[in-house]
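Peer 1: Build me a structure from this.
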Amino acid sequence: MPVKPSAKSIKSVQDAGSAKLGTLRTIKKYPNRRLYDTQTSAYVTLAEIKKLVMAASPLVVLDAKTGDDLTRSILLQIILEEESAGVPMFSEAVLSNIIRFYGHAMQGHMGSYLESHVQSFMDWQNKLGESSPALSPEVWAQFMQWQTPLMQNMFSGLANPSQNVMAQMQEQMQKQIQKNTEQMLGVLGLRS
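Peer 2: Model prediction:
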């Protein structure tokens, strides 16, 4: 019996607006840790899945036995390999700060905050790439040095989404505090 993508996986691909459901590539992970691409009918490696991600091909990785969605786990494995080889993107301080958000009241907002900013950066990078396709890492580094004031102005636009997120988080926290206070006063018989 073929394994179907989970509703959550399908929704995340649809929400991303990156593709129609018919083009969702299904990778099955077997107990022997092998990954099988159902579209090409061949076993694939993490490196090949990384290439699919780099090409913005929507995919879902499912446990071949249970049908559980393993996509996040596989993507995290790819990030771990990238971080372990070559030049890491995340410093120890950044990773430590991300870990500190687990279990924190703001955990639910951290993901959307990061996603919003990474997407804004990707959009900005795509616009820059369209206007200058031959931008090598060296040229990019020089450009960033020369354009510090310009970059600050461009990235100041990113502050608005973060201010909005912070305002929403603050508002939600105030509502929760108010709700908890009302409940406590009710329990104590002090509510009017």
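
Peer 1: what ranges do the strands span in the protein?
Peer 2: All strands of the chain, identified by DSSP state E, fall at 25-29, 35-37, 42-44, 59-63.

Peer 1: Tell me the strands beside the first one, with direction?
Peer 2: Taking DSSP bridges as the criterion, strand 25-29 forms sheet pairs with strand 35-37 (antiparallel), strand 59-63 (parallel).

Peer 1: For it, the averaged confidence score.
Peer 2: For strand 25-29, the mean per-residue pLDDT is 96.

Peer 1: Give the buried residues for it.
Peer 2: Across strand 25-29, burial judged by 16 or more other Cβ atoms under 10 Å covers 25-29. The C-beta positions use only the backbone N, C-alpha and C, and glycine is treated the same way.

Peer 1: between those, which is closest to residue 50?
Peer 2: Distance ranking of the buried residues of strand 25-29 against residue 50, using Cβ to Cβ, places residue 27 first at 12.0 Å.

Peer 1: Test my guess that that closest one contacts residue 36.
Peer 2: Yes. Residue 27 lies in contact with residue 36 (Cβ atoms under 8 Å); the separation is 6.7 Å.

Peer 1: joint contacts of the two?
Peer 2: residue 44 (Cβ atoms under 8 Å, 6 or more residues apart in numbering).

Peer 1: quick one, domains of this structure?
Peer 2: The record's domain parsing of the chain by automatic domain parsing lists 7-84, 138-192.

Peer 1: And these, which one averages the lowest pLDDT?
Peer 2: When mean pLDDT is averaged over each of the domains of the chain, domain 138-192 scores lowest at a mean of 64.

Peer 1: wait, what's in contact with residue 100?
Peer 2: Contacts of residue 100 by Cβ under 8 Å, 6+ apart: none found.

Peer 1: For stretch 38-49, buried residues please.
Peer 2: 44, 49.

Peer 1: do stretch 98-112 as well
Peer 2: Counting neighbours by 16+ other Cβ under 10 Å, stretch 98-112 gives 101, 109-110 as buried.

Peer 1: What is the end-to-end distance of that stretch?
Peer 2: In terms of Cα to Cα, to the nearest Å, the two terminal residues of stretch 98-112 are separated by 13 Å.

Peer 1: ok, residue 55 - contacts?
Peer 2: Applying Cβ under 8 Å, 6+ apart, no residues qualify as near residue 55.

Peer 1: next one: residue 105
Peer 2: By Cβ under 8 Å, 6+ apart, the neighbours of residue 105 are residue 173.

Peer 1: where's it relative to residue 121, distance?
Peer 2: As judged by Cβ to Cβ, to the nearest Å, residue 105 and residue 121 stand 26 Å apart.

Peer 1: Could you do residue 72 as well?
Peer 2: Distance from residue 72 to residue 121, by Cβ to Cβ: 21 Å.
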